[in-house]
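1. Sequence first, then the predicted structure, then my questions.
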Amino acid sequence: MIPTIPQPRAIRAAYGAYVALFFIYLALPLTVVAVFAFNDSQFPSLPWEGFTWNWFFGDSDPMIGVFHDRAILGAIGTSVFVGVCVSALSVAVGTSNAFLFNRYQFRGRGVLYVLMLMPLVIPGIVLGISILVFSSTLANAAWDGLKWDIVALRPGLTLVVLGQFSFIATIATLVISARLQKFDRTLEEAAMNLGAGRLTAVRTVTLPFLAPALVGAFVVAFLMSFENFNTTLMLVGSDAPLTIAMFDRLKEGSTPLLNAVSLLLMLGSSLLALMMIAFQRRAT
Amino acid sequence: MRAQAKLGFILLLMPLLLWLTALIVIPHVDMFLISLRERVGVGEYATSTANYRTFLNEPLYLMTFARTAIMAVAATFITLLIAFPVSYYIAKMVKGRTQSALFLMCLVPFWVSELVRTFGWMILLRETGVFSSLLQWSGLVSGPVEMLYNDAAIMVGLVYTSMLFMVVPLVTTLESLDDSVIEAGYDLGGSGPSILREIIIPHATPGIVSGSIVVFMLSLGNYLTPTMLGGKDSLWFTELIYSQFIVRFNWELGAAFGFMLLILSSVIVWAMLRLTGQTLEKTMG
Amino acid sequence: MTPDLECVALTKRFDDATAVDNVDFAVPQGSFFSVLGPSGCGKTTIMRMIAGFLPPTSGDIRIKGRSMLNVPPNKRPVNMVFQHLALFPMMNIEDNIGYGLRRAGLPRADIARKVDGVLDRIGLPGVGKRKVHELSGGQKQRIAIARCMVLEPDVLLLDEPLGALDLKLREHMKIELKALQAAFDTTFVYITHDQSEALVMSDQIAVMNNGRFEQLGAARDLYYRPETAFVAGFVGDTNRWPAIVVRAEGDALQLRTDSGLTLHGASHGRALSAGDRADIYVRPEAIRVAHTGEELIHFDNRLSGQVTSILFNGAASRILFRDDEGRGEIEVTLPQSGEFAMLEKGARMHIGWSGAHGNCFAAGTGA
């Protein structure tokens, strides 16, 4: 069934209705989260007690808004810090991997490629515990052997960054590889023919061509890191990133404060994603 | 020149090897070794399969394991059934701006954290939630209805949370199917169902497989959705792992559980690839 | 006898444009019919309406006398060879060819027999188990035709199927397509923008432009007796002069070109009178070359000048000629006798042609 094949009107209408229903299903949970951020009540649920901005700007009990809640603000800061570290690492390693797999034929390439894909088919929580177990093995060995206490190997932000990086690097590699594969290598040859060295050719011709993918990979990596839960849960120490902090609050019982944070998250990530799309449109 | 190329190769190879060995291979080997350890005294360990025996001999563990696997497979299947018509609509029934707009609308919910999405379902489904209130208001029920903390709620959450990872690969593969191939099917006498069976689904197989693998992995390894929507008795395998590691501090048993989860996911992914004649490189790369 | 395919006042309007404008034609059984026109002329729209992928705005399509308007594409007795063939990449050759037969619900044994039979007929026995991508371009072409012919359609539609092939294979496939059409004795409707494909293969050609048929006829008629300026310019190569009619006596015209030449031409029944602006079309092979003016004394158009360029192309070699006053370049085909084989650039020559070969059309109607 495609538009050029004649179909009974009823079937088309039913199909359209199904798709509309699907989008309602997609929109529903986010809509209620957003709406209840403005409910003048202690609970994010009906009845509607009236409109308020207090869950954003309120500064006195019992309605302390997002912008006056130090713990939440701190958690956002932690998440941004982790996200930037993970994205930067992932894009750097992803670019290197993309060039390696695109430019070199070597023994073991196939095996390495499959191994590179593995993090996608390992459950996040398993990635988390394996890194937790290994780092503590290392830390214990360092302590037993040398009496060194390596704080970085204990649950904390370093491990969170490494844990997230361990699978986000795969995503970055795939995004960058996809674009590199479309690159016409004769452009590099032309640059060298016009007097550029190999590295200069890559820097002046190939990397600008890759720019949309690099930006895309960075943004995707940042969003994935920001919303990661499973791996982070196992590796987190005393500084909780936002998702963990929100999870802890949620277990205690939710106030519309969480809705307000969520709405800000939605706006922030949509803005980021739209900027990325705009950038990629302009670049291509 | 050759020496330079060699140097470049080694420089590019290093980060990959460092990443894969230090963060993927060795930690998993280490986890496996830990899982083979049995605490025999304070700070004393012996190599044994005790942890795996505990796993096999405790019905609760086995039951949770099987239940998680079955629910994850079911979630994958339901996601596929819901996503396929929508993906087909986006890929083939609409063009141009409408197409990009619909596709974007599919992506938007997934730019926010899974926690927010799950929170949304909690607000909708719980006893004091939106659905319950609406039902009472409309007079269909007399008292509050609890729709959280059951398997259906878990399923709704799992399907919702993985939807994107099914829609994107499906749209991509379906879009690559040339309209004229479908037209040729009709031209040669095919009807809707036969074209779906013989042309569209075979063409979309790589997308179906890669979508299914990702959705299955996400469901199997999910912790948030079962915990929040399924409540205390949701019996999800990741909850067992979490409690062994964080609550009971029994890392040996937790590692064994982690390893079982890894084996389960590998076996099912491998079986899925074998059944459909696909390879991991083709579907995920 | 009812024609295999008949289109009556066929019209297709899209939101802002008329793609097909009131087109009538009938294709007799067993003939090779081509629609020839530049891209965007509406030929693909006609084909897609016949196949059932587009509903006409008005008019009728009949196959063997039966109206097809309310028949869905999968029930029409026409099959189509798509531009990029649209072979099913997920099936092997056998399953591709057997696809339509399976839809018709034939028993498995019959399908196998028919598939083998048609593979024999197209000269590719034994390729049934191969994958689509393992075949060459020409082989895929034949499979695409076989996939349709095995269903014994009343009409086979071909949508520029040779476009993707390289030149040599294309030349070969022209002959092969014609032979296959004769062997299957089925009505072929072929659309193309390549005039040589249409000229070589067709019994009848419709030249299409801007949604209308400019002329419908055999290849020879289109070539030698174009009825419109568009056909004269589109089919075959031609020299063209914009000119003004100085004198008209029946069919014979005398014209003055904008470049200042006085030429004789013929209106072939079209209304042109003194003072009208007109375009003169003369084919390169209608012009004779000679070393001396006397040899051309019987032609009413004669010029003397120099060879400015030699366009060597074997038997189809031409020269570019400029007359002594330098009034534009004229393309002239060299005779195949080899008489002028050693002609050099810059040589002094005489050229001439008969006024009857100068087809004149009112100005502004051409391509």
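-> Ah, there it is.

2. Which helix or strand lies directly C-terminal to whatever helix or strand residue B:3 lives in?
-> Using DSSP states H and E, residue B:3 sits within helix B:2-19. Per DSSP H and E, the first helix or strand lying C-terminal to helix B:2-19 is helix B:26-35.

3. Need the residues that contact that next one.
-> For helix B:26-35, contacts defined as CB atoms under 8 Å, 6 or more residues apart in numbering or on different chains pick out A:122, A:126, A:129-131, A:133-135, A:137, B:51-52, B:251-253, B:255-256, B:258-259, B:262. All C-beta spots, glycine's among them, are computed from the backbone N, C-alpha and C.

4. Domains in chain C, by residue range?
-> If you go by automatic domain parsing, the domain ranges for chain C are C:5-231, C:237-362.

5. Tell me which of those is the most buried.
-> domain C:5-231 (a mean of 19; mean count of other CB atoms under 10 Å in any protein chain shown).

6. sorry, back to before: quick check: which helices or strands does the helix holding residue B:3 pack against?
-> Applying 3 or more CB pairs under 8 Å, 6 or more residues apart in numbering or on different chains; DSSP states H and E, one finds that helix B:2-19 contacts helix A:70-103, helix A:157-181.

7. quick one on the thing from earlier: show me the contacts of helix B:26-35 that map onto strands.
-> Residues of those located in strands (DSSP state E): none.

8. how about low-confidence regions in chain C?
-> Within chain C, the ranges that satisfy pLDDT under 70 run C:365-367.

9. any low-confidence regions in chain B?
-> Ranges of chain B meeting pLDDT under 70: B:1, B:284-285.

10. re the thing from before, for the helix holding residue B:3, which outside residues touch it?
-> Here helix B:2-19 makes contact (CB under 8 Å, 6+ apart) with A:92-93, A:96-97, A:99-100, A:103-104, A:106, A:112, A:116, A:165-166, A:169, A:198.

11. Could you rerun that using 10 Å?
-> Residues outside helix B:2-19 that contact it (CB atoms under 10 Å, 6 or more residues apart in numbering or on different chains) are A:89-90, A:92-104, A:106, A:108, A:112-113, A:115-116, A:119, A:162, A:165-166, A:169-170, A:173, A:197-199, A:202, B:25.

12. Output it as PDB - backbone C-alpha positions only.
-> Extracted in PDB, the C-alpha atoms of helix B:2-19 (Å, rounded to 0.1, in the frame of the first residue of the first chain):
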ATOM      1  CA  ARG B   2      55.100   3.300   4.500                       C
ATOM      2  CA  ALA B   3      56.500   3.900   7.900                       C
ATOM      3  CA  GLN B   4      54.300   7.000   8.300                       C
ATOM      4  CA  ALA B   5      51.200   5.000   7.400                       C
ATOM      5  CA  LYS B   6      52.200   2.300   9.900                       C
ATOM      6  CA  LEU B   7      52.600   5.000  12.600                       C
ATOM      7  CA  GLY B   8      49.200   6.400  11.700                       C
ATOM      8  CA  PHE B   9      47.700   3.000  11.900                       C
ATOM      9  CA  ILE B  10      49.100   2.300  15.400                       C
ATOM     10  CA  LEU B  11      48.000   5.800  16.600                       C
ATOM     11  CA  LEU B  12      44.500   5.100  15.500                       C
ATOM     12  CA  LEU B  13      44.500   1.600  16.800                       C
ATOM     13  CA  MET B  14      45.600   2.500  20.400                       C
ATOM     14  CA  PRO B  15      42.400   4.300  21.600                       C
ATOM     15  CA  LEU B  16      40.200   1.500  20.300                       C
ATOM     16  CA  LEU B  17      42.300  -1.200  21.900                       C
ATOM     17  CA  LEU B  18      42.500   0.700  25.200                       C
ATOM     18  CA  TRP B  19      38.800   1.300  25.300                       C
END
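
13. circling back: ok, of the contacts of helix B:2-19, which come out buried?
-> Buried subset of these (neighbour count, 16 or more other CB atoms under 10 Å in any protein chain shown): A:89-90, A:93-101, A:112-113, A:115-116, A:119, A:162, A:165-166, A:169-170, A:173, A:202.

14. Enumerate the positions of the helix or strand harbouring residue B:163 that are buried.
-> According to DSSP H and E, residue B:163 maps onto helix B:151-175. Residues of helix B:151-175 classed as buried under the neighbour-count rule (16+ other CB under 10 Å) are B:153-175.

15. what packs against the next helix or strand after that helix?
-> Next helix or strand after helix B:151-175 toward the C-terminus (DSSP H and E): helix B:179-187. Applying 3 or more CB pairs under 10 Å, 6 or more residues apart in numbering or on different chains; DSSP states H and E, one finds that helix B:179-187 makes contact with helix B:192-195, helix C:43-51, strand C:78-81, helix C:93-103, helix C:137-149.

16. Residue of the stretch 151-284 of chain A nearest chain C, please.
-> Closest to chain C within the stretch 151-284 of chain A is residue A:181: 19.5 Å, counting by CB to the nearest CB.

17. ok, that residue touching residue A:101?
-> Yes - with contact defined as CB atoms under 10 Å, residue A:181 counts as touching residue A:101 (9.4 Å).
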